[in-house]
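**Student:** When you get a sec, could you give me coordinates for this:
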Amino acid sequence: MTSLNLKGVNVNFPFTPYECQKDYMSKVIECLQKKENGVLESPTGTGKTLCLLCATLAWREHFRDSISASKIADKLKGQEMFPNTPLASWGTAATDGDKPAYYTDIPKIIYASRTHSQLAQVINELKNTSYRPKVCVLGSREQLCINQEVMRQESNHIKVHMCRQKVSTRSCLYYNNVEEKSTDRDLVNSILDVEDLVKFGNRQKVCPYYLSRSLKQQADVIFMPYNYLLDPKSRRAHNIELNGAVVIFDEAHNVEKTCEESTSFDLTPYDVASAITAVDRLLVEQAKEVSQGDSLTEDLNVESLSSGSKIDINTIAQIKQILLDLEAAIDSYEVPSDKGITKPGIFIYELLERAHLTYNTKADIHDALEQIIGCLTGLPGIFLSTAGLQKLVDIIQLVFCGEPSDQDKQKQKEFNTAHFKVHIHRENSYQKKKQTSDLWSASSSKKQGNILSYWCFSPGFSMQDLVNQRVRCIILTSGTLSPLTSFTSEMRIKFPVLLENGHVIDRDQIFVSVIDRGPDGVLLSSAFDRRFDPDNMASLGNTVANLSRVVPHGLLVFFPSFPLMEKTLEFWRANGHTDRIENRKPMFVEPKRKGTFNEVIDGYYNKVNDPASQGGSFFAVCRGKASEGLDFADTFGRGVIITGLPFPPKFDPRVILKMQFLDEMSRKKAPGVRYLSGQEWYKQQAFRAVNQAIGRVIRHKDDYGAIFLCDQRFKNFDARAQLPSWVKPYVRLYEGFGNVVRDVSQFFRVAQKIRPVILKTPAGENLPAKCSSNTSSFSSCSSSESYHTQKAKALDAHLPSLKRRKLDDHCRATGMAKICIDYECEVQESQRKPANLLDALERGDRHWEDNSDAVGEEKANHLSTLSLQYDKRIEDELRGGKRKIKLIQEQKVSVSEDVSEECKASKVKQFLADMKKSLSKVSFDHIVEALQSYKKTDDLSVLLTETAVLAEDPNTHSLLRGFYQFVRPHHKTTFDEKCQELTGQGCGYKPEHSLSKDEKKAVILQSAVERQVVGAQNSMSTGSQLDTQQLNKGGRHLSQQGLKAAPAGSDKKNEVHTAFLADVKKALGAEKSAQLFQAIRSYKKTDHYDNLVTTVVSLFTERDENINLLIRFGGFVRPHHKKQYREMLDDLIGQPISTADSPTLSEEQQGAASFSPPLKTQSKISSFVSSDQRN
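**Tutor:** Numbers count the residues shown, from 1 in each chain. Reported below is the predicted structural model:
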């Protein structure tokens, strides 16, 4: 546990925080101390939730301690005290600014997130801190009720009314135990989520719902979904007190939408008709209890509605008349079929008044509706939908909020409706389809008519309502709130504290590219006029298929909408694109229905975890469930493809009215208030959805992945400016698709080396290799793994709404497996000799003097020799024969390499000693720090700056040039030029110095190949010593004259190239073949490898059947580029390319000496001669 002081508050943090985490906690404390609202963006993976909890609870403790200190000061009357020692309450006043503060003034923390599953994760984070506040989590009866009779009811509002009846009559056993169990010490002092409360309730036979409401009174922190706060009805139902509270909205990127939806409604013809049907049924039941002589013709008088607990038949009849009048008022408007009628928000009062709904009658009608719902709920053997009645109750509460006097009613109405529009439109097919599901109201479901919509267009209406409740401050935080200025302007309240935080990842953990064209050169766009263009869909399919080859493990593909995804996938199925993707990464598609989502996502997780597979691909939509709340960490999300910009549906009435509303507000230009224009809001919605989907790829500090923005509009600067601040610095623009493939292949190759992934294999197969031969070790490993797997499954069953996270074997290995893996890494890392100056500086001089290192060095050398033997054995098997001789030679090489390593170590030690003698301690330390920085960052400029001191004295010029031997190969040229500039003498640079170790080996191997081929040809050309007539029985193919006239390989090479060019023309056609030949000619002139690969990959990856041509093309690549080309092929195809795998490739390699082992040609000749002799 780390303790740090931020703005005078001591914060306990579970580990040493990053700078971005300190910045975030400082901003949180600033909001709390200054009572200012804040909008804080911090990317997913930066520990946002943990920082938020620790900073808030630390400040709350500090607030309490300051009150205690003030009380002590009052008691001591100026005498010496101990301000840093928190003491218990003494019961008198302290100060919070200029206002007297008491212990009762310590603010409650109201922590709201989008869903209960997200709250469960927050509560788990709280358990990881040192803070133990009293907590409470609020939920609905749907989640918390354990009375089986209530839970059997179909409708939620039916459950509510049945629960209320049982509570009022004290006929619920669980509710009756609440008072006794609410003071249980274990309960009060525990940190419980919704599932824990349900378990406690079942165990103690006490109602979790009312228990949570009881705990709320004493809680320091109250957790709830944020619609409980933003919806005035829910806030009243849960009796949430906001005065002086700190309100935190986590995952606040959805707050804007929730604010608007919680204060809007759509009243359909079915809602009104079902309400009338329910009232009719109640009238029938009540009529049975009324004598035949009673009069039912009393004039309608709304003022006379009964407010008692027992409702009479006259009241029911009056409610029915109100419903009929409301239905007639809504249907009285002639509405065009394609569009509706829009009125100002205040029109809602005029319309409802035609149904006798006013401020004067609202209370009586509201109470009567509640009584009718309660009566229908209690009728035995009858089940009617009361949803329509309940919706009318909610409408009355929403529209007629406030209790104005007669003089202020008009002002109240104008205030209530300033951000609203009334829209009357015809019923659409979606609602008709939805209505038919209510079988008990089949007759009313056929009702046709108008829909009355009352839509809020400003989230500021709800936020201002919170401010009016006198909260201390409001903090909105999420991983994707950018751009902050537009977000805050929508909220209509001031946010003085803003933060757009950076990420904790390094440059080598993220790859971001804009792909404006597919492999076939077609522009990619999801614009309305291009999205269903066949060429566009085909090019996008080729792009996804090719990227699925180079992205390891899990790949996420996000579409702007469900219709676009469905149409595109249908096109891909018809044209073979899905087959190409399926062969590489099996496809899983996000369903529209929530019920099957878990099954699909579990299938994806299992496929990615399957060691026999190459991963999986998950196709989803922006703003869908997969883009919002799921955690695709590590292998589950190595790449994210954004296939377009998800603008809202432009012809949707609500979108049109929202844009019109914002334009109206912008034209008014109220002083001190800036509204977004309709077009600005429209664009902002698209980019916020993109940013949310992008956030799926990097989930923690050790994660890495790639982001592909596959729409030409992302090339615009304005579009890239809308991306999150942590993404913008890494965005790359490419001219050709081939360059993207090349660079992303390199990115993943480097990332996997730095953060290696242990291959996932079934339990029992991998353990013997990793642990030991001891069977007890195996059982230890497997039992440990089994325990964690069972624990995870138990959690899934316990919390179904929480996403099941499949743990990756390699990064969470436990038991003996983890010990063995860690030990192997430790031996390889700590026991090896420093290979260069950078290693020596990092490890320190003490390692050189440690005698115990000799044993470690011997072991390391032994491991290295075994590795070389194994590699050589594989190579010998490919060549055939001479294994023992070659093995001895390789051992000699290994010994010579060890000697070379010792020489290097000696040079390093001597160079350090010389540098210490020649420099002051300060200069020496600066150079050492620069070297260490160079090793970590690969930034040569810092090293050049610090070593420039060696150029000041001619006696130290040799030391400056001595650094040349330790500079990395790709910096050799720059360093040599700098030395020439500073000292007048270079370091003896040669082109081969810039080659990496692998490249040097490749050159040496190539030279050996050429020498052996030449040697073989020379031995065959000495025909005077051979009787060719005896060898081939007179055949011409090995005659002395034929060999001298033209070597055998020359004709074969020409044949291979001719065959290849013919295949290319046949596969690509004349136009694309011309592009390829032009690229080859340009390559021969300029030696520009990147341009060549861009063209080649674009042409040969468009169709799977052309991949073989891409492999065979290696014969045209020059020797110094062959290694790069082979690595690109390995990444693109997913497996190493060998001569045995491709006959066409091996034939080409005979002539071009491309990838095959050097003795392959010789063995071919031998087999040819022997077969001819047999003939």
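**Student:** which SS class is the nearest residue to Tyr131 once chain neighbours are set aside?
**Tutor:** The shortest distance from Tyr131 to any non-neighbouring residue, by C-beta to C-beta, 6 or more residues apart in numbering, is to Leu57 (4.2 Å). C-betas here are computed from N, CA, C, even on glycine. Of the three states, Leu57 takes helix under DSSP: H, G, I helix; E, B strand; the rest coil.
**Student:** Tell me the span between the first and last residue of stretch 665-683.
**Tutor:** End-to-end span of stretch 665-683 (C-alpha to C-alpha, to the nearest Å): 18 Å.
**Student:** For the spatially most central residue of the chain, give its distance to Asp634.
**Tutor:** By C-alpha atoms, centre = their mean, the chain has its centre lying nearest to Arg696, at 1.1 Å. Distance, Arg696 to Asp634, using C-beta to C-beta, to the nearest Å: 12 Å.
**Student:** Also Gln407?
**Tutor:** Distance of Gln407 to Asp634, given as C-beta to C-beta: 64 Å.
**Student:** the more surrounded of those two?
**Tutor:** Shown here are Gln407 and Asp634; by other C-beta atoms under 10 Å, Asp634 has more neighbours (25 against 7).
**Student:** I figured that one hits Lys701, correct?
**Tutor:** No - the pair Asp634 / Lys701 is not scored as a contact, 11.9 Å apart, by C-beta atoms under 8 Å.
**Student:** ok, which stretches of the stretch 251-400 of the chain are strands?
**Tutor:** Counting by DSSP state E, counting those that start in this stretch, the segments of the stretch 251-400 of the chain that form strands are 265-267, 341-344.
**Student:** Ile698 - how many residues pack around it?
**Tutor:** The burial count for Ile698: 28, using other C-beta under 10 Å.
**Student:** One more: Leu1061?
**Tutor:** With neighbours defined by other C-beta under 10 Å, the count for Leu1061 comes to 15.
**Student:** That one: helix or strand, and which one exactly?
**Tutor:** Take DSSP states H and E as the rule and Leu1061 turns out to sit in helix 1048-1086.
**Student:** Name the next helix or strand downstream of that helix, please.
**Tutor:** For helix 1048-1086, the following helix or strand on the C-terminal side (DSSP H and E) is helix 1089-1100.
**Student:** so for that next one, what's the average pLDDT?
**Tutor:** In this model, helix 1089-1100 carries a mean pLDDT of 82.
**Student:** in the next helix or strand after that helix, what's buried?
**Tutor:** Once the chain leaves helix 1089-1100, the next helix or strand it forms, by DSSP H and E, is helix 1107-1112. Buried residues in helix 1107-1112, counted by 16 or more other C-beta atoms under 10 Å: Leu1109, Leu1110, Ile1111, Arg1112.
**Student:** same check, this time on stretch 628-640
**Tutor:** Buried residues in stretch 628-640 (16+ other C-beta under 10 Å): Glu628, Gly629, Leu630, Phe632, Ala633, Asp634, Thr635, Phe636, Gly637, Arg638, Gly639, Val640.
**Student:** Export those to a markdown table and append columns for distance to Cys622 and pLDDT.
**Tutor:** Below are the buried residues of stretch 628-640 laid out as a markdown table (distance: C-beta to C-beta, whole Å; pLDDT from 0 to 100):
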| residue | distance to Cys622 | pLDDT |
| --- | --- | --- |
| Glu628 | 9 | 75 |
| Gly629 | 13 | 64 |
| Leu630 | 13 | 73 |
| Phe632 | 14 | 83 |
| Ala633 | 20 | 79 |
| Asp634 | 22 | 83 |
| Thr635 | 23 | 87 |
| Phe636 | 18 | 87 |
| Gly637 | 15 | 86 |
| Arg638 | 19 | 89 |
| Gly639 | 16 | 92 |
| Val640 | 11 | 94 |
